[in-house]
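**Student:** Give me the fold of what follows.
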Amino acid sequence: MEWIDRINDAINSVVWGWPTMIILVGTGIYLTVRLGFFQFRHLGECIRATVARKAKQAGKGEVTPFQAFATALSATVGTGNIVGCSGAIITGGPGAVFWLWISGLFGMATKYSEVLLAVKYRRRDKGGDRVGGPMYYIEDGLGKKWRPLAVFFAVAGALAAFGIGCLSQISSMVSAIQMSFRSFGPVSETGERTIALTVGIATAAVLALVIIGGLKRIGRFAASVSPFMSIIYLVFALVVIFMNLGSLGSVLKSIFVGAFQPKAVLGCAVGITMKQAMSGGIGRGLFSNEAGQGSAPIAHAGTEEEIPAKQGMAGVFEVFFDTIVICTITCLAVLMSGVPIEYVTGDKNVLPILAFSSVYDERIGSISVAVSLVLFAFTTMVSWSLYGVRCFEYLTGTQKYSLVYRLLFIAVVAYGAMVPLGLAYRISDTLNGLMAIPNIIALLALSSVVVSETKKEFK
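**Tutor:** As a prediction, the model looks like this:
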């Protein structure tokens, strides 16, 4: 695995270097200004419109607006909301939370724009399904001469599904479950391998039952599970926050001071710089909310909603709920618990488990994190299987071989249980960054279309 690690790190340093993060956040700022700060002026409306949507019978090849939103949310709200937030704090200290907020606030405009474009430029495939996403709005919005860029996105997306959709999710599940077993007593190396293999095979089997059913089954599953899993996790985390409410003021101060002067919060010995705080917060924020990466629009394109701007509003709420709500609550729970983050090394699952265990019994804390991670990871796999299939179908021009891709996806989930967590996340980072490049080019080039559609709906 070492040679894979070295190659991936070399590519990752380019793909997720400062230029990429500046471009992603800069695109969000640019779209925010062009849209007249839409996500701030219409946030309440976006929340009401999304939450109030009732699931109803969808047409052929379609899912309801709420099911489309829930499918995208299932992929967005994943292990990054727990493990990713922990990684941001470990890498950049409390100040990373501030930069995570920045990525989320401007990422709402980015997600709104890409969802709007996905609905506007979607098509009907030969099977009758509504399909869309960056590969379609690149080709149809920018013209046929841009098809190579659309193909680049589809290739990156089909491969990225195996990274963020398989490897990072199953690795997080396995790690959390292994830690839960260790809270009851020592587990041998053989025992840990057995746990990993069992979790991998069981997850792959259940996943097959969901994703082989196609778009509508995935939509129904996401609409049922996504709200439930979010509520379970938020309840556990909010209890930790309320039990340490007295430290809220000092934690908020450490976040704002640490964003610009990390050493003033953690001390010179820790060595975290402002650059690390920004990198940790922005990088993990983008990994979590996926704004600009072009993945969520693929799910939203399947909606029966006919007005692009209305479905785009669900994209605003998606980033708000993921980053501003869930990620913030995770970070506050960790920081307010008093866990000495500067000394945490190794598995990033340790940090939220230590935070939860500071209020609950160690076993309960470990199990609650594990249950949340299992639900988050599994729903992310379900949604990313759809993203990968849609990219694969675009490349092949047919649904004939979709089952082959789904079976390969399921096999990688089983294999991924044995892949080290750190390597899985680094591979996912690289593939996600490659997806973002063509998508950002399209968003900037089609920004006038986004503005026009928005003015048409919100006069």
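
**Student:** Need phi/psi at residue 123.
**Tutor:** Torsion angles at residue 123 (phi, psi; degrees, to the nearest 10) stand at phi -130, psi 170.

**Student:** Just give me the neighbour total for it.
**Tutor:** For residue 123, the neighbour count with other CB atoms under 10 Å is 13. From N, CA and C alone the C-beta is placed, and that goes for glycine too.

**Student:** Contacts only, for the spatially closest residue to it that is not a sequence neighbour.
**Tutor:** Excluding the flanking residues, the one nearest residue 123 by CB to CB, 6 or more residues apart in numbering is residue 131, at 5.8 Å. Residue 131 makes contact with 122-125, 298, 301-302, 390, 393-394, according to CB atoms under 8 Å, 6 or more residues apart in numbering.

**Student:** which of the residues in the lengthiest helix in the chain are buried?
**Tutor:** If you go by DSSP state H, the chain has its longest helix at helix 362-396. For helix 362-396, a neighbour-count test (16 or more other CB atoms under 10 Å) marks 365-395 as buried.

**Student:** Please apply the same query to stretch 159-178.
**Tutor:** For stretch 159-178, a neighbour-count test (16+ other CB under 10 Å) marks 159-178 as buried.

**Student:** CA-only coordinates of it in CSV, if you can.
**Tutor:** C-alpha atoms of stretch 159-178 as CSV (Å, rounded to 0.1, in the frame of the first residue of the first chain):
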residue,chain,number,x,y,z
LEU,A,159,-14.1,6.5,-10.1
ALA,A,160,-14.8,8.9,-7.1
ALA,A,161,-17.8,6.8,-6.2
PHE,A,162,-15.4,4.0,-5.3
GLY,A,163,-13.4,6.4,-3.1
ILE,A,164,-15.9,8.6,-1.2
GLY,A,165,-18.8,6.2,-1.8
CYS,A,166,-17.1,3.0,-0.8
LEU,A,167,-13.6,3.1,0.7
SER,A,168,-13.9,6.1,3.1
GLN,A,169,-17.4,5.1,4.3
ILE,A,170,-16.8,1.4,5.0
SER,A,171,-13.5,2.2,6.6
SER,A,172,-15.1,4.6,9.0
MET,A,173,-17.8,2.1,9.8
VAL,A,174,-15.3,-0.7,10.5
SER,A,175,-13.1,1.6,12.6
ALA,A,176,-16.0,2.8,14.8
ILE,A,177,-17.4,-0.7,15.3
GLN,A,178,-14.0,-2.1,16.2
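
**Student:** Work out the gap between it and the centre of the chain.
**Tutor:** Centroid separation between stretch 159-178 and its chain, computed with CA atoms, centre = their mean, to the nearest Å, is 12 Å.

**Student:** end to end, how far does stretch 388-403 reach?
**Tutor:** 12 Å (CA to CA, to the nearest Å).

**Student:** From residue 144, how far out is residue 154?
**Tutor:** Applying CB to CB, to the nearest Å, the value for residue 154 to residue 144 is 15 Å.

**Student:** between those two, who's got more neighbours?
**Tutor:** Remark: of residue 154 and residue 144, residue 154 carries more neighbours, 27 against 8, as counted by other CB under 10 Å.

**Student:** can I assume the more buried one is in contact with residue 391?
**Tutor:** Yes - counting by CB atoms under 8 Å, residue 154 does reach residue 391; the two are 4.2 Å apart.

**Student:** what sits in contact with each of those two?
**Tutor:** If you check residue 154 and residue 391 against CB under 8 Å, 6+ apart, the residues they both contact are residue 135.

**Student:** now the strands for the protein?
**Tutor:** 123-124, 130-131 (DSSP state E).

**Student:** Of all those strands, which one is nearest residue 108?
**Tutor:** strand 130-131 (24.1 Å; CB to CB).

**Student:** Enumerate every residue touching residue 233.
**Tutor:** With CB under 8 Å, 6+ apart, residue 233 has these contacts: 81-82, 326, 372, 375-376.

**Student:** what's the closest of those to residue 209?
**Tutor:** Among those, and counting by CB to CB, the member closest to residue 209 is residue 375, at 16.1 Å.

**Student:** What count of nearby residues applies to the nearest residue to that closest one once chain neighbours are set aside?
**Tutor:** Excluding its sequence neighbours, the residue lying closest to residue 375 (CB to CB, 6+ apart) is residue 229, at 3.8 Å. When neighbours are counted by other CB under 10 Å, residue 229 registers 19.

**Student:** For residue 229, give its distance to residue 414.
**Tutor:** Separation of residue 229 from residue 414 (CB to CB): 22 Å.
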